[in-house]
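Participant: here is a sequence with its predicted model. Questions after.
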Amino acid sequence: MRTGNLKVEVFAGGAFAQNGFLVSCPATGKGILVDPGASVDAMLRAAERAGVEIHAIIVTHAHLDHIEGVAEAKRRTNARIHLHRDDTPLYGQAAIQAQMFGVPIELPPPIDEFLSAGEVLSVGEGRLDVRHTPGHSPGHVILVSDDWAIVADVVFLGSIGRTDLPGGDFQTLMTSIRKHVLTLPDEMVLYPGHGPTTTVGHERRTNPFLAGGSSFA
């Protein structure tokens, strides 16, 4: 999907049907990988076919399904890995997570840079605002462009992120959603970490967890 200066491609796969994203700037050929999971090879092959140079690997949060392809992405692109500092403990427990779920993983390399709330990421001529949205995990972030946002495991079509994993908290997640998702325009397209795309307005009207959320500050 082409929105503004940036193109977004979604790659789903793996035991958790996790969505990874290739975000690129057609005008400059610059791009980033967001949450390279089980579909990392397809993401990288798509970038190669399009002549996109990957300059960053952005991890919205460090649950297993969102980091299982980070090592391969780093090895094949040498791009810098970015993660919010509060998810560092989860990132360091990749082997434990893999054992819990019975999924093999190549351990991810060290983080190169920590993401910060309010930071602006450049992708060629496009820009992405980093918003810290804890609740699903302590260091979860979303990436907001002019007319779309990668919300990963904060909001899904008709649902919200689970909070029963280590570091999860329901009230914290709801606060994040009210502050950083429901304040976006209704027409804003949302790219979740699992399942199909949706919009802020659709979730505001129909999501059983969020209906009536426009009244929240």
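Facilitator: Cool, got the structure. Numbers count the residues shown, from 1 in each chain.
Participant: which residues in the protein form helices?
Facilitator: Using DSSP state H, the helices of the chain run over 40-50, 64-67, 70-77, 88-92, 94-101, 170-180, 200-206.
Participant: okay, now the unreliable bits of the chain?
Facilitator: 1-4, 212-217 (pLDDT under 70).
Participant: excluding chain neighbours, give the residue nearest to residue 124 in space.
Facilitator: Sequence neighbours aside, residue 25 is the residue nearest to residue 124 in space, at 2.5 Å (criterion: C-beta to C-beta, 6 or more residues apart in numbering). Every residue, glycine included, has its C-beta placed from N, CA and C.
Participant: same question, residue 69
Facilitator: residue 40 is the one closest to residue 69 (C-beta to C-beta, 6+ apart), at 2.9 Å.
Participant: tell me who's in contact with that neighbour.
Facilitator: With contact set as C-beta atoms under 8 Å, 6 or more residues apart in numbering, residue 40 has these partners: 20, 33, 68, 69, 70, 72, 73.
Participant: will you turn these into a markdown table that also has distance to residue 106?
Facilitator: Output for these, formatted as a markdown table (distance: C-beta to C-beta, whole Å):
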| residue | distance to residue 106 |
| --- | --- |
| 20 | 15 |
| 33 | 15 |
| 68 | 8 |
| 69 | 8 |
| 70 | 8 |
| 72 | 7 |
| 73 | 10 |
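Participant: in these, find the pair that's most separated.
Facilitator: Farthest pair in these (C-beta to C-beta) is 33 and 68. Separation: 12.8 Å.
Participant: one step back: ok, what's across the strand from the residue nearest to residue 124?
Facilitator: residue 30 (DSSP bridges).
Participant: identify the residues contacting the closest residue to residue 171 other than its chain neighbours.
Facilitator: Leaving aside its chain neighbours, residue 171 sits nearest to residue 135 (7.8 Å; criterion: C-beta to C-beta, 6+ apart). Residues near residue 135 by C-beta under 8 Å, 6+ apart: 154, 161, 163, 168-177.
Participant: what about 7 Å?
Facilitator: Residue 135 makes contacts with 161, 163, 168, 169, 172, 173, 176, as judged by C-beta atoms under 7 Å, 6 or more residues apart in numbering.
Participant: so how far is stretch 73-91 from its chain's centroid?
Facilitator: 12 Å (C-alpha atoms, centre = their mean, to the nearest Å).
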